[in-house]
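*Asks:* following is a predicted model, sequence given first.
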Amino acid sequence: MRNLQTNVIPLSTGVRQFLTTDELAERLNVRRQTIHKRYSQTGAYFSVRPIKLPNRRLWWPLDAVEQLIRGAA
């Protein structure tokens, strides 16, 4: 697994406030199935709770993802 700290770009600099599950998986260098499995077991991915949209997709809040990446979760 690569070092995430060297590849961290502040996510909140843009207009968006949420990530899709695919984008979250890419940022954390894990498979999307890993995120879905943890979410189905606990309702969160390492304390990051998504917003569930009416179309059943998940939006993951950027500020919580930034904290997870920095290790401040």
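*Replies:* Thanks, I have it.
*Asks:* from here on, contacts and neighbour counts on C-alpha atoms
*Replies:* Noted.
*Asks:* wait, residue 28 touches residue 69, no?
*Replies:* Yes - counting by Cα atoms under 8 Å, residue 28 does reach residue 69; the two are 7.4 Å apart.
*Asks:* those two - which one has more neighbours?
*Replies:* Neighbour count, other Cα atoms under 10 Å: between residue 28 and residue 69, residue 28 has more, with 18 against 14.
*Asks:* distance of that one relative to residue 54?
*Replies:* 25 Å (Cα to Cα, to the nearest Å).
*Asks:* cool, residue 33 as well?
*Replies:* 20 Å.
*Asks:* with neighbour numbers in mind, choose between these two.
*Replies:* Ranked by neighbour count (other Cα under 10 Å), residue 33 and residue 54 place residue 33 first, with 12 against 7.
*Asks:* helices of the protein, start to end?
*Replies:* 21-28, 32-42, 62-70 (DSSP state H).
*Asks:* would you format these as JSON lines with distance to residue 48 and mean pLDDT included?
*Replies:* Formatted as JSON lines, these follow (distance: least, Cα to Cα, whole Å; pLDDT from 0 to 100):
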{"stretch": "helix 21-28", "distance to residue 48": "11", "mean pLDDT": "94"}
{"stretch": "helix 32-42", "distance to residue 48": "9", "mean pLDDT": "96"}
{"stretch": "helix 62-70", "distance to residue 48": "6", "mean pLDDT": "91"}
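*Asks:* residues contacting the most centrally placed residue in the chain?
*Replies:* For the chain, residue 24 is the residue whose C-alpha lies nearest the centre (Cα atoms, centre = their mean; 3.8 Å). Contact partners of residue 24, counting by Cα atoms under 8 Å, 6 or more residues apart in numbering, are 32, 60, 65.
*Asks:* which residue is the nearest non-sequential neighbour of the last one?
*Replies:* For residue 65, ignoring the flanking residues on the chain, the nearest one in space by Cα to Cα, 6 or more residues apart in numbering is residue 48 at 6.7 Å.
*Asks:* does that neighbour touch residue 58 like I think?
*Replies:* No - between residue 48 and residue 58 there is no contact under Cα under 8 Å: 11.4 Å.
*Asks:* many thanks, we can stop here.
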